[in-house]
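S.K.: quick one, what's the 3D model for this:
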Amino acid sequence: QPKRQAAFGSVGRRIPYRILHVINQDGESLGNMHRAEALKLMDEHGLKLVLLRENVEPPVYRLMTGQQIHEEQLKRAEKKKASPKPGVVQKELSFSSAIAKNDLETKIKQIALWIEKKHHIKITIRQAK
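M.R.: Numbering: from 1, shown residues only. As a prediction, the model looks like this:
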């Protein structure tokens, strides 16, 4: 089973790193600090620590309110919906060689839309009896 990407949200007190780069709720950098200091700061201000970037040294965490976390989750969900799915979309169209002129024009308009969206198109024309 592949390791799932954790959802964006508060990490609570489970921080696997000793040294963290902390950003306050206004977006200002507080610099690098020990995990215990960051947890103490979190408790003093009633905020939550959220992991922003894990692949850098030291990892970047941000102090956020519950409302800020919720808004960020909504933004990320909206962004994920808007982004196209990976891979190429292939559209397939099949019609008879005895197709009526207006039906053919409608299909041509549909094909033009698919080409604009950069879809791969497969067209099959069957011979009419």
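
S.K.: just to check, residue 63 is in contact with residue 51?
M.R.: No - assessed by C-beta atoms under 8 Å, residue 63 is found out of contact with residue 51, at 11.7 Å. Just so you know, the C-beta spots here come from the backbone N, C-alpha and C atoms, and that holds for glycine as well.

S.K.: do a quick rundown of the helices in this structure.
M.R.: Secondary structure of the chain, counting by DSSP state H: helices at 35-45, 66-82, 101-116.

S.K.: most centrally placed residue in the protein?
M.R.: Nearest to the mean C-alpha position of the chain, counting by C-alpha atoms, centre = their mean, stands residue 80 at 3.5 Å.

S.K.: can you pull the domain assignment for this protein?
M.R.: Structural domains assigned to the chain are 19-82, 90-126, following the TED database.

S.K.: okay, these in JSON lines with mean pLDDT and distance to residue 11 next?
M.R.: Output for the domains of the chain, formatted as JSON lines (pLDDT from 0 to 100; distance: least, C-beta to C-beta, whole Å):
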{"stretch": "domain 19-82", "mean pLDDT": "85", "distance to residue 11": "6"}
{"stretch": "domain 90-126", "mean pLDDT": "89", "distance to residue 11": "39"}
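
S.K.: deepest of the ones you listed, which one?
M.R.: Counting by mean count of other C-beta atoms under 10 Å, domain 19-82 has the highest mean neighbour count of these, with a mean of 14.
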